[in-house]
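> Here is the input, now give the coordinates:
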Amino acid sequence: MSTGASRPADIERASDASSRYRLRDLFTPLDTLLVSGGDPRLTLDLDDRVNAYGCAPSPEPEIWNFASSTASTISQRAYDRAALAREELMHRCLFEEVEVAFDARCEGMREELRGHLQLPPHVDIVFSPSGTDSQLHALFLARVVLGAPPVTIVVGADQTGSGTAHTAGGRHFSSLTASGFAVRKDGEVAGLAGDSIAVPLLDHATADIAMRADADAAVMRAIENSLAPGRCVLLHIMDSSKLGWRAPSAACLDEIARRWPRKVQVVVDACQARLGRGRLRSYLERGYMVLMTGSKFFGGPAFSGALLVPKGLARSIDRIGAMAPGIFDYAGRCDWPTAWTALRSRFERRPNFGQWLRWEAALSEIGNYYAVPGAFRAGALAELASGIDSMIALSPALQAVPNPSGQAGVDDEEFAAATIFPFTLLRGGKLVPIADTSAVHRALARDMSNDIGGSAADRQVAAQRCLVGQPVRLERADGKRGLLRLCVGARLVTEAWSADAAQSQRNLQHILDRVADVLVKIELLLDGATAVPGKFVLEA
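Okay, here's the model as predicted:
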């Protein structure tokens, strides 16, 4: 078991033998590489050959994908880019050392990502295998910037990734790191462990699922209580949550900056990537770090994480002294920007080919999305939002969870429209148990034509495989609730776009028709009269 403490801070493992071994790794089948270099969530089921989110490592165009809040199956376009990128790196490795060629390509990806997001050159990018790994990177860097171990405050702790409960306190979120080191889940990451405070967003005072009205006040109280003993704070803010919520408000952030300059370092959880590029830049201009992924909204394969670091922080980071030894388990030299020479020298030369190829695929999706005219992106997201809202409202089997009012701002760009549509499931007007919500989620991804009775048309709908957002479990005063989510991602917009306006409109309608079929399949699955005994049976 690794603790990180046993490996020296300055280490060099670039021998000819290891370089040959890494070059050999590039000849591994592409599907295998795409699920390598990550934690166990990427492991493929032996029977279905899909990961924990129901996604295969190679394209499956026959599956309808409305799961961009969770994970997406790789597109053919992105798969082809990953294949080409691997070939190009192999060619470069004929003329230079593997690690040198790989490092240069990672730096090229940083430049490409900055271009797509319209970020200035001084914004640095730290790549990682997942948004959860990036949270540990943010904690590590915050300790350097603040000069002391911070108290981590997580806003929206009830609507973020499950690993955040561990990473916020500097603890291992799995039993195996992406680098292949065995660790103890929830054990301390050496040198990073500390205190954390959860600020949930769900309002428990109402029977409805809604955001608490005192979210800003709760954040301020948590900061005041944490700073009272003379400590500093790493504040995780949410933009956006699993349900598409954002907190705290801009006014609250202004007040925090006014009252506690240099005492509170903000990191924005933007892993969903559902925010306008203008607001993204404004966060960085304020000195915030930003967590994002190339999966989720952009539709790259899971997992591909990144931490965006503003200029002011980068200057102090490369003057780092003592290291938190546990961070060596969670990064290699190529993950850090080449400008951070002092910090990079502490890390092993350990190329993560899986992480790199997933980012190559994600960059293909990001570039194609922003190549679509902005007016069409905004119009398409608004039209899809209106149509999906209407269909959920009309379904007797679904109860929508409304988005909080007043959250859209002038810098939201196309994201003034909702792109995540959460709902609970109803049967006979009553909420179904959480176990049934999970069963419906799994059944949507399978051909259920042999398990559903009724007409030929019903069986055709039941046969269609589709992915929706992974169930969200919410703790309520009246018990646990399970939600599903229909999601609009970048790939739907990209595929709908056409220079022919009439064709674009037909494409958008085609997407909405598919959404309608997904809702019909849910209704068929919930209809106990059509379930074949002994096969797909929900709880009575």
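
> When you work out contacts or count neighbours from here on, use the C-alpha atoms and nothing else.
OK.

> beta partners for D269?
M238, L291 (DSSP bridges).

> Give the burial count for it, as a bare number.
26 (other Cα atoms under 10 Å).

> what's near enough to touch it?
Counting by Cα atoms under 8 Å, 6 or more residues apart in numbering, D269 makes contact with 236-240, 290-292.

> let's go with 6 Å and repeat that
237-239, 291 (Cα atoms under 6 Å, 6 or more residues apart in numbering).

> now that we have those residues, which one has the most neighbours?
Among the contacts of D269, L291 has the most neighbours (other Cα under 10 Å), with 29 neighbours.

> Quick check: the closest residue to S395 other than its chain neighbours vs A247, distance?
Counting by Cα to Cα, 6 or more residues apart in numbering, S395 lies nearest to L519, which is 7.6 Å off, once chain neighbours are set aside. Computed as Cα to Cα, to the nearest Å, the L519 to A247 distance reads 30 Å.

> Give me the phi and psi for A168.
Phi and psi for A168, reported as degrees, to the nearest 10, are phi -60, psi -30.

> wait, I meant P422
Backbone torsions for P422, taken as degrees, to the nearest 10, come to phi -80, psi 150.

> got a list of what it touches?
401, 484-485.

> Quick check: of the residues you listed, which has the highest neighbour count?
Greatest neighbour count in the contacts of P422, by other Cα under 10 Å, goes to R485: 27 neighbours.

> So it is in contact with G469, correct?
Yes: if you go by Cα atoms under 6 Å, R485 and G469 touch, sitting 4.7 Å apart.

> How many neighbouring residues does F297 have?
Counted with other Cα under 10 Å, F297 comes out at 27.

> What strands flank the longest strand seen in the chain, and is each parallel or antiparallel?
What stands out as the longest strand in the chain, according to DSSP state E, is strand 466-476. Partner strands and pairing direction for strand 466-476 (DSSP bridges) are strand 64-66 (parallel), strand 479-487 (antiparallel).

> Show me which residues of the longest one are buried.
Meaning strand 479-487. Burial within strand 479-487, assessed by neighbour count using 16 or more other Cα atoms under 10 Å, is assigned to 481-487.

> which helices and strands sit right next to the next helix or strand after that strand?
Going down the chain from strand 479-487, the next helix or strand is helix 490-496, by DSSP states H and E. Helices and strands touching helix 490-496, by 3 or more Cα pairs under 6 Å, 6 or more residues apart in numbering; DSSP states H and E, are helix 501-526.

> the strands in the stretch 101-250 of the chain, which residues?
124-128, 151-155, 196-199, 233-239, 246-247 (DSSP state E, counting those that start in this stretch).

> so what strands line up beside the third one?
The reference is to strand 196-199. Strand 196-199 has the following sheet partners, assigned by DSSP bridges: strand 151-155 (parallel).

> How far off centre is the partner strand?
Computed by Cα atoms, centre = their mean, to the nearest Å, the chain-centroid distance of strand 151-155 equals 19 Å.

> if we look at that strand, which residues are touching it?
With Cα under 6 Å, 6+ apart as the test, strand 151-155 has contacts from 168, 195-199, 233-237.
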